[in-house]
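**Student:** this one's structure only:
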């Protein structure tokens, strides 16, 4: 029986053709199979997959489609649940690619502002609440961190939200007393670990010895506490890939694993803040670094039988397996907000940093004056919400097979291209995500990687 194909999005790729449909399902047609697309006459196994995943207009499951579209378009939206809190603009490192440069004590968040921030976030109806402490270096304003954690805990006894805390820290100011508090209050820890020691210490400059040594020592201490049941979550770490690291993809993965970290996050260098002064590198060099690093993760996964995975690749894998948007693919404003030390509200931490550089285009209000309904009335907020669905607002996204899972970033567009909407065909960010989606979806068709991905899906977390 010949079926009629349903509104396909597709893209030519090395060795075949990527397919996607509006329900978020994907397939990869290798070689000869791709030539069967116009006739829609496939083998029995592929026909069954396409039929059961809403690729044929005469075999659509409308109940399933309704559920997926409701989730995708936020039909049950109750407000953002991820709240990025800048406790201070001060920092005790001088990282080569960072934008946190203020050393004034006046840049600390006060307890009074923290109280207003808690009033703001607890008024949001979402049953989930994540408070992520950033800076600067958040441990330099540890008194206010403690104040927020303790007061949020008291408020939540009545509110009953799923409350989670995390701190993004360079670990330079960590000590036993601070870690004891974080452990007691189930605050997860995320640090920076820029691959090999020489590269890490070159770019994450400490006035007091090697920051690499300090980071790895505290990561080991946290791992030990997790093993003893004294901390709820294993630590995480983020790697920023500078030019100096491009020669060490395998060594970078091995460094993470040696330090007990099996979830790896490899971020390309963004030329913002001090990073604008570093020597840039062609995007293809990062792609080659990433391919080699991912190959090493696949080798280690099969060798050990335990997942060693990259966070971005895992999110794409999980999303395309389930047709659900990853909770970590944060949409500006819809799922997350960021707050400066003075209570100013922004749709993302990048927008907050842009304001720190003198451009407050994306500022949405202040916790001392507004609540979420007021923020949503802001014209900028409405523009941000409309931008979240590129298939309606961007011709370049309208037929892209990855648009169901991807998202636009007006803040990125504005910083790098001088336009809220941007020029997506020339956008490095768009090229980055197309590379990521293409790589993961192609690997899904290989038997060896299917075994790797099965382990990732069984053990991995976002």
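**Tutor:** That came through, no problem. For clarity, every value in this text was computed on a predicted model and none was experimentally measured. Numbers count the residues shown, from 1 in each chain.
**Student:** what about the helix or strand containing residue 200, distance to the chain center?
**Tutor:** Using DSSP states H and E, residue 200 sits within helix 197-203. Relative to the centre of its chain, helix 197-203 is centred 24 Å away, using CA atoms, centre = their mean, to the nearest Å.
**Student:** packing partners for that helix?
**Tutor:** helix 211-227 (3 or more CB pairs under 8 Å, 6 or more residues apart in numbering; DSSP states H and E). All C-beta spots, glycine's among them, are computed from the backbone N, C-alpha and C.
**Student:** right, and residue 74 touches residue 334 too?
**Tutor:** Yes - between residue 74 and residue 334 there is a contact under CB atoms under 8 Å: 6.4 Å.
**Student:** what's the nearest residue to residue 186 if we skip its chain neighbours?
**Tutor:** In this structure, residue 186 finds its nearest non-sequential neighbour in residue 232, 4.4 Å apart by CB to CB, 6 or more residues apart in numbering.
**Student:** If you could redo that for residue 197, that was the one I meant.
**Tutor:** That would be residue 212: by CB to CB, 6+ apart, it lies 4.5 Å from residue 197.
**Student:** Just give me the neighbour total for that neighbour.
**Tutor:** By other CB atoms under 10 Å, 21 other residues sit near residue 212.
**Student:** tell me the contacts of it?
**Tutor:** 193, 197, 200-201, 204 (CB atoms under 8 Å, 6 or more residues apart in numbering).
**Student:** And it, how far from residue 182?
**Tutor:** 21 Å (CB to CB, to the nearest Å).
**Student:** Give me the distance between the residue nearest to residue 186 and residue 184.
**Tutor:** Using CB to CB, residue 232 is found at 10 Å from residue 184.
**Student:** Same check on residue 46?
**Tutor:** 54 Å.
**Student:** The two: which has the busier surroundings?
**Tutor:** Each of residue 46 and residue 184 has its neighbours counted (other CB under 10 Å); residue 46 has more, 14 against 11.
**Student:** Secondary structure element holding that one?
**Tutor:** Counting by DSSP H and E, residue 46 is part of helix 44-52.
**Student:** so what secondary structure elements neighbour that helix?
**Tutor:** Judged by 3+ CB pairs under 8 Å, 6+ apart, helix 44-52 is in contact with strand 26-30.
**Student:** Please, which helix or strand holds the closest residue to residue 370 other than its chain neighbours?
**Tutor:** With CB to CB, 6+ apart as the criterion, residue 370 has its nearest non-adjacent residue at 7.0 Å, and that residue is residue 345. Following DSSP H and E, one finds residue 345 within strand 344-346.
**Student:** Can you give the contact residues for that strand?
**Tutor:** Contacts of strand 344-346 (CB under 8 Å, 6+ apart): 120, 337-340, 352, 355, 360, 362-367, 370, 375.
**Student:** could you redo the last one with a cut-off of 6 Å?
**Tutor:** Contact with strand 344-346 is made by 337-339, 352, 362-366, as judged by CB atoms under 6 Å, 6 or more residues apart in numbering.
**Student:** Spell out, range by range, the helices that occur in the stretch 101-250 of the chain.
**Tutor:** 111-122, 142-159, 176-184, 197-203, 211-227, 249-258 (DSSP state H, counting those that start in this stretch).
**Student:** Make JSON lines out of those helices and add mean pLDDT and distance to residue 19.
**Tutor:** JSON lines is the format used below for those (pLDDT from 0 to 100; distance: least, CB to CB, whole Å):
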{"stretch": "helix 111-122", "mean pLDDT": "98", "distance to residue 19": "41"}
{"stretch": "helix 142-159", "mean pLDDT": "98", "distance to residue 19": "44"}
{"stretch": "helix 176-184", "mean pLDDT": "97", "distance to residue 19": "46"}
{"stretch": "helix 197-203", "mean pLDDT": "95", "distance to residue 19": "40"}
{"stretch": "helix 211-227", "mean pLDDT": "95", "distance to residue 19": "42"}
{"stretch": "helix 249-258", "mean pLDDT": "97", "distance to residue 19": "30"}
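**Student:** Distance to residue 37 added to the ones you listed, as CSV?
**Tutor:** Output for the helices of the stretch 101-250 of the chain, formatted as CSV (distance: least, CB to CB, whole Å):
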stretch, distance to residue 37
helix 111-122, 48
helix 142-159, 52
helix 176-184, 54
helix 197-203, 46
helix 211-227, 49
helix 249-258, 35
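**Student:** Indicate which one of those helices is closest to residue 424.
**Tutor:** Residue 424 lies closest to helix 249-258 among these, at 28.0 Å (CB to CB).
**Student:** Are there helices or strands packed against the closest one, and which ones?
**Tutor:** If contacts are counted by 3 or more CB pairs under 6 Å, 6 or more residues apart in numbering; DSSP states H and E, helix 249-258 sits against helix 283-304.
**Student:** And this protein, what are its domain boundaries?
**Tutor:** Under the assignment automatic domain parsing, the domains of the chain span 1-72, 84-322.
**Student:** Ok, which of the ones you listed comes nearest residue 394?
**Tutor:** The nearest among the domains of the chain, by CB to CB, is domain 1-72 at 13.4 Å.
**Student:** Just checking the distance from that closest one to the centre of its chain.
**Tutor:** 28 Å.
**Student:** Mind listing what's buried along stretch 392-411?
**Tutor:** Across stretch 392-411, burial judged by 16 or more other CB atoms under 10 Å covers 394, 397, 400-411.
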